[in-house]
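In: Mind looking at a prediction? Sequence and model below.
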Amino acid sequence: MFAFILSRVLQSLPVLFTVALISFAMFAYVGDPVAIMLGQDFTEAQRQALVKDLGLDQPFWVQFATFLGNAVQGEFGLSYRLSRPVADLIAERAPATLELALTAATLALLIGVPMGVYTGLYRNSWLSRFFLTFSLVGVSLPTFLIGILLILVFAVWLGVLPSFGRGDTVKIGWWSTGFLTWTGIKALILPSITLGLFQLTLIMRLVRAEMLEVLRVDYIKFARARGLPNRAVHFGHALKNTLVPVITIVGLQLGAIIAFAIVTETVFQWPGMGLLFIQSVNQADIPVMAAYLLLISALFVTINLIVDLLYYAVDPRLRIGRGQGAH
Amino acid sequence: MRKLLWATALACGLALGGAGADARTVRWAASGDPNTLDPHSQNVGTVSMVLQQIYDTLISRTQELGLAPGLATRWEQQEPNRWRFWLRDGVKFHEGEAFTADDVVFSVTRALAPTSNYGIYVDTVERAVQVEPLVVDVVTKRPDPILPNKIASVFMMSRSWSEKNNAARPQNTRQREEMHTVRNTNGTGAFRLTARESDVRTVMTRNTDWWGWKEEASRDANVTEIIFRPIASDATRIAALLSGEVDFVLDPPLQDLNRLRQAQNIRVLEGPEVRTIFLAMDVFRDELLYSDVKGRNPMKDLRVRQALYHAIDIQAINRTTMRGQSVVTGTFFPPQVNGYVKEEDVRLAYDPARARALLTEAGYPNGFEITLDCPNNRYINDEQICQAIVAMWARIGVRAKLNAMPLAPFFAKIQKEDTSIYLLGWGVPTLDALYSFQSLVATRNGEQGDGIWNYGRYSNPRMDALIERMKTQSGEPRNEAIREALRIYREDVPHIPLHHQMIPWAMRSNLTIPHMANNQPYFRWARMN
């Protein structure tokens, strides 16, 4: 097991290196941070001094090597935009994104799985048809539109939920949480629905398809032949066996939720990492962008690793196969 | 801990409740957050709109953007190269230090530092000297008639506080450590900073000791707290206003104005901004970078510039693209700016036939191809303006390719002079004509400020001579120089002027606040009912 993890970690290093290289190369096209930092009035001498100061006059490979060298030591420098250490900024924003992503994923699971089971079992009921139609909306409407529609209905028309921000947060150590205040929980509702809707419909459709598949196989027929009650057949045998692919998908989607919370965070002015990233792009804040992209790729690598491990844990066939194939 | 929780919850409940009898909290939203709270680091509107609530200047602005006593009660040009300021007695910083001439010396010196972005306001300053504890002299390198206009933008800090916190110089991006002034303030202004979370919220509370509450303009002001929150998405910002979660929106999008005007309890204040939108072009190279004309530069020909100008139906742009929210102009700064001359604010008429004739005369009967560089998130409806212009030029045979992009790559591109024609907007923080002339049409010569935004490299020796006169002369000779320079600008067509921007503000109708042409809300003059 240890060898497996180690090999995966080693494999991830080239991935991270490539991400760093590509993102760094792309920064040449996002614009000139110097132009933005100088504002409207400057002299040529001031401009040159700043370019030199930021090391932007160095050749690409030197800049890249400096960046990598510092990144390995966990040093990402100072944000051009906010003049604060990048690591601090990301640590400050991470709780907001993680809480939002977690809530969205939980919502997606808690609602998506039962809906999937129901539509799988009662394929022709009108409720199933309704769920399926509704899921089309979730899949096809772009996130920002869903967000704005929710704001229009629940904030502007009904006036029951806030349209932006995180409400009041409570600090626990360096972590700021919105779970402990009423305004914080209210503020979570619309963004987490917006962010989780796509995953919800995805999970629902996945569970439904798997249920339909599983309900046809022999062990279900056998279970019924044994006279087990429907409840035990559906949940004890069928659902349990659909969960293997669901775990994989949910795991991978969690990464996607965190990484692509950008749109939701922008619509709701959610002070997370995605909003930080977008604002950095607007002002060509290279240190923040580089750190964020590295962090996200590290996150994906980690989640992939965990999913792989879970797969081994859940599916006995893989364990046996690996044991035999080892020698 | 739990007690604290309840206290915060209660406080926030009160703040959100809004309608309580003592609630004098203004919840203010705008698309951008100040990048820093350092008073001399970044000279941009999003920073100064917050800082000017907290920090005072020697000379303040009136509601019409005129000059009024601030921390200085009186000022006088004692010798050609020396301005004297008499300071207000008994002023204290938010943390208790008394304000003295030494703090002025310190602040002016700090604004002069290489890492300061406020150099333009002290460009002529050699040094500041304390004369008496409440009298300070500013010594200039050359006679500077408009120093008061410029010093009105330099915020005053406390020397002892800044030195104690290692902030004697404006922040420097290369250093590894965050500077104290990035998130902390200590001014003498009407409001003091009580909370600051970048990109989330900035809270300021009323400084009851502020000297200015006694002044006429602030007598009815009753705002006790300002909560500023950036909301980047246009739709969300307006939704928050409509749902009553914010009271004041600095930058409502134009397409929502009609809806806001009809909404209950919402008021839209309209007024001009000191910012002019125009097209500038490469009149320097022998061959344009982005055109199908080879071997010569059509933009060097006055007739071509006039033709492009004649082809623009500015009324149509005003009506459709700007929905009436612009003031059409034939010059490059608005009437609020010192030096404006109405007789020179005349456009070349919209006349496509004349434009075609001029093009033929200049040797381009079939027009030509050119790329128009345009920002798409900097000015109000910038990209749409460019689209309209491209269509209008097509009618006289000029095939313009629109190259619209976000402001970061746009400014990088034009600052490399990698452009043939581009759209630019220009604000005048000093409210004096020199600033526009110097930055936009002076020949670039390495001097501070001269031609630094003249990316088309327009150059006219007569214009340069007049600009030199504007720098040092005062009174009628100076006005004469400005007038002549404006006439040259009109005749020479170094730019194609379009319009001055209008800036609507939207607010709940229980808030009263004067509209300001510098696009800065002054809550010291605001009243909540």
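Out: Nice, I can see it. Numbering: from 1, shown residues only, chains lettered A, B, ... in the order given.

In: what about B:A111, which helix or strand?
Out: Element membership for B:A111, per DSSP states H and E: helix B:101-112.

In: With chain A in mind, check whether that helix reaches it.
Out: No. Shown here: helix B:101-112 not in contact with chain A (CB under 8 Å from any CB of the partner chain), separated by at least 11.9 Å. To be clear about C-beta, it is placed using only N, CA and C from the backbone, and glycine gets the same treatment.

In: contacts for that helix?
Out: Helix B:101-112 is contacted from outside by B:39-40, B:58, B:71, B:85, B:87, B:97, B:116, B:118-119, B:121-122, B:125, B:127-136, B:138, B:151, B:154-159, B:162, B:168-170, using CB atoms under 8 Å, 6 or more residues apart in numbering or on different chains.

In: what's the longest helix in chain A?
Out: Assignment by DSSP state H gives helix A:86-121 as the longest helix of chain A.

In: how about it, does it reach chain B?
Out: Yes. Using CB under 8 Å from any CB, helix A:86-121 comes into contact with chain B via A:D88.

In: That helix packs against which elements?
Out: Counting contacts by 3 or more CB pairs under 8 Å, 6 or more residues apart in numbering or on different chains; DSSP states H and E, helix A:86-121 is packed against helix A:126-140, strand A:175-177, helix A:182-215, helix A:240-259, helix A:262-267, helix A:273-282, helix A:286-314.

In: Give the rounded mean pLDDT of stretch B:105-113.
Out: Stretch B:105-113 carries an average pLDDT of 94.

In: ugh, typo on my part, it should be stretch B:433-446
Out: 90.

In: Return the helix or strand in the chain with minimum mean pLDDT.
Out: Just going to use chain A. helix A:316-325 (a mean of 57; mean pLDDT, DSSP states H and E).

In: wrong chain, I was asking about chain B
Out: Taking mean pLDDT, DSSP H and E as the measure, the helix or strand of chain B with the lowest value is helix B:2-17, at a mean of 44.

In: OK, contacts around the most centrally placed residue in chain B?
Out: For chain B, the residue nearest the mean C-alpha position is B:G427 (4.6 Å; CA atoms, centre = their mean). B:G427 is in contact with A:Q40, B:G45, B:E273, B:V274, B:R275, B:N518, counting by CB under 8 Å, 6+ apart.

In: let's see it at 6 Å
Out: B:V274, B:R275 (CB atoms under 6 Å, 6 or more residues apart in numbering or on different chains).

In: give me the beta-bridge partners of it?
Out: With DSSP bridges applied, B:G427 shows beta-bridge pairing to B:R275.

In: Can you name the residues of the stretch 401-529 of chain B sitting close to chain A?
Out: Within reach of chain A by CB under 6 Å from any CB of the partner chain, the stretch 401-529 of chain B has these residues: B:A408, B:P409, B:F411, B:A412, B:Q415, B:Q448.

In: Output the residues you listed as JSON lines; include the columns distance to B:R457.
Out: Below are these laid out as JSON lines (distance: CB to CB, whole Å):
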{"residue": "B:A408", "distance to B:R457": "23"}
{"residue": "B:P409", "distance to B:R457": "21"}
{"residue": "B:F411", "distance to B:R457": "17"}
{"residue": "B:A412", "distance to B:R457": "18"}
{"residue": "B:Q415", "distance to B:R457": "13"}
{"residue": "B:Q448", "distance to B:R457": "18"}
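
In: Alright, that wraps it up for me.
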